[in-house]
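Peer 1: I would like to see how this sequence folds:
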Amino acid sequence: MEFVSVRMITADVARLVAFYERALGVPATWATEEFAELRTPGAALAIAGTGTAPLFAPDSARPATNHSVIVEFLVDDVDRVHQDLTGFVSDVVAGPTTMPWGNRSLLFRDPDGTLVNFFTPVTPAALQKYGR
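Peer 2: Numbering: from 1, shown residues only. Sure, this is the predicted structure:
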């Protein structure tokens, strides 16, 4: 089995895609006006409109209602990324903080309220875990 993507359902595909293009520094590949993907080396972030959710099952997904998932991205220097995003990301939950498990993390919310964690391993164990 291979993990390939996380798909977010949103009421405003263009707004959310533009946010992640800027935050990740990765251009989106659009399949339709209702579906785009941002590819990273490990997996893709798929963003789809509310009209796509019923294709799976009616009422299977509702936009902007996540309260349990954190989408995480490994970055080279979380402090530099934090500086780069200052003024762009308006809902920073926690500025760069070194966590007990060895990652330095920046936690913020995207325009739909989903928690996003950009992190950089900083301890020897965390660096080894991520092959750094």
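Peer 1: Report pLDDT for the closest residue to Ala11 other than its chain neighbours.
Peer 2: Leaving aside its sequence neighbours, Ala11 sits nearest to Pro63 (Cβ to Cβ, 6 or more residues apart in numbering; 4.7 Å). The way it works is simple: take the backbone N, C-alpha and C, and place the C-beta from them, glycine included. On the pLDDT scale, Pro63 is placed at 90.
Peer 1: where are the low-confidence patches of the protein?
Peer 2: In the predicted model of the chain, no residue satisfies pLDDT under 70.
Peer 1: tell me the domain boundaries of it?
Peer 2: If the domains of the chain are taken from automatic domain parsing, they occupy 1-55, 67-132, with pieces of a single domain joined by a plus sign.
Peer 1: Generate TSV for these, with mean neighbour count as supplementary columns.
Peer 2: Shown next, in TSV, are the domains of the chain (neighbours: other Cβ atoms under 10 Å):
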stretch	mean neighbour count
domain 1-55	16
domain 67-132	15
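Peer 1: Report the next helix or strand after the host helix or strand of Val17 in sequence order.
Peer 2: Take DSSP states H and E as the rule and Val17 turns out to sit in helix 13-24. Helices and strands here follow DSSP H and E; after helix 13-24, the next one along the chain is strand 29-32.
Peer 1: can you tell me how far the residue nearest to Ala11 sits from Gly42?
Peer 2: Separation of Pro63 from Gly42 (Cβ to Cβ, to the nearest Å): 25 Å.
Peer 1: same deal with Phe88?
Peer 2: Noted for Phe88: a distance of 23 Å to Gly42, by Cβ to Cβ.
Peer 1: tell me the contacts of the residue nearest to Ala11?
Peer 2: With contact taken as Cβ atoms under 8 Å, 6 or more residues apart in numbering, Pro63 is in contact with 8-11, 50, 112.
Peer 1: can you redo those residues as a markdown table with secondary structure and distance to His82?
Peer 2: Output for these, formatted as a markdown table (DSSP: H, G, I helix; E, B strand; the rest coil; distance: Cβ to Cβ, whole Å):
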| residue | secondary structure | distance to His82 |
| --- | --- | --- |
| Met8 | strand | 22 |
| Ile9 | strand | 28 |
| Thr10 | strand | 24 |
| Ala11 | coil | 28 |
| Thr50 | helix | 32 |
| Asp112 | coil | 21 |
